[in-house]
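**Student:** model the following, please.
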Amino acid sequence: MDTSKSSNSKGNAVGRAFLFSGRPDPTWPVPPDIVRRLLEIWESLPLSPAGLPPVPPLGYRGCSLTDTAGWEWTTYGGVVRLHTPDDTQVRRDDTRSFEMTLLTSAPVGALPPSLLAK
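**Tutor:** Prediction:
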């Protein structure tokens with residue numbers, strides 16, 4: 001899959017944090033400049049043979065970026081998975097830069113402060 005062209009997002013991307021808390025997961029619009037930065041990060045990541053690591057049963061379980069073309073990046077624990085209508089690809093993100101860039105794009109108060117301190 002040629003991801004250099006990546007998604008067709010025109011600024012209508014949505015971020016989501018998976019927080020098992022008994023309340024709906026927080027979602028937020030991700031600004032186009034942040035989407036561009038996330039795509040740059042994605043392009044720089046090396047392929048990974050592994051999938052996403054196991055998630056805990058409670059609390060934070062990762063986050064995702066979804067665009068209007070149906071592309072979804074899911075990230076947790078140093079791994080980013082891109083799922084498109086045609087393919088799935090997994091890349092390593094040892095520094096968690098994709099994950100933290102996406103999480104810090106959430107509006108103030110949308111996420112627990114302890115989540116951003118990790």
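
**Student:** C-alpha from now on. contacts and neighbour counts both.
**Tutor:** Noted.

**Student:** give the helix, strand or coil label for Met100.
**Tutor:** helix (DSSP: H, G, I helix; E, B strand; the rest coil).

**Student:** what's the neighbour count on it?
**Tutor:** Counted with other C-alpha atoms under 10 Å, the neighbours of Met100 add up to 18.

**Student:** ditto for Asp87
**Tutor:** 9.

**Student:** roughly how far apart are it and Arg81?
**Tutor:** From Asp87 over to Arg81 the distance is 11 Å, taken as C-alpha to C-alpha, to the nearest Å.

**Student:** tell me the pLDDT at Leu52?
**Tutor:** Listed pLDDT for Leu52 reads 79.

**Student:** wasn't it part of a strand?
**Tutor:** No. With three-state DSSP as the criterion, Leu52 is located in coil rather than a strand.

**Student:** tell me how far it lies from Arg81.
**Tutor:** Relative to Arg81, Leu52 is positioned 7 Å away (C-alpha to C-alpha).

**Student:** okay, strands next: where are they in the protein?
**Tutor:** Remark: strands assigned in the chain by DSSP state E are 13-20, 27-30, 59-66, 72-76, 79-83, 88-92.
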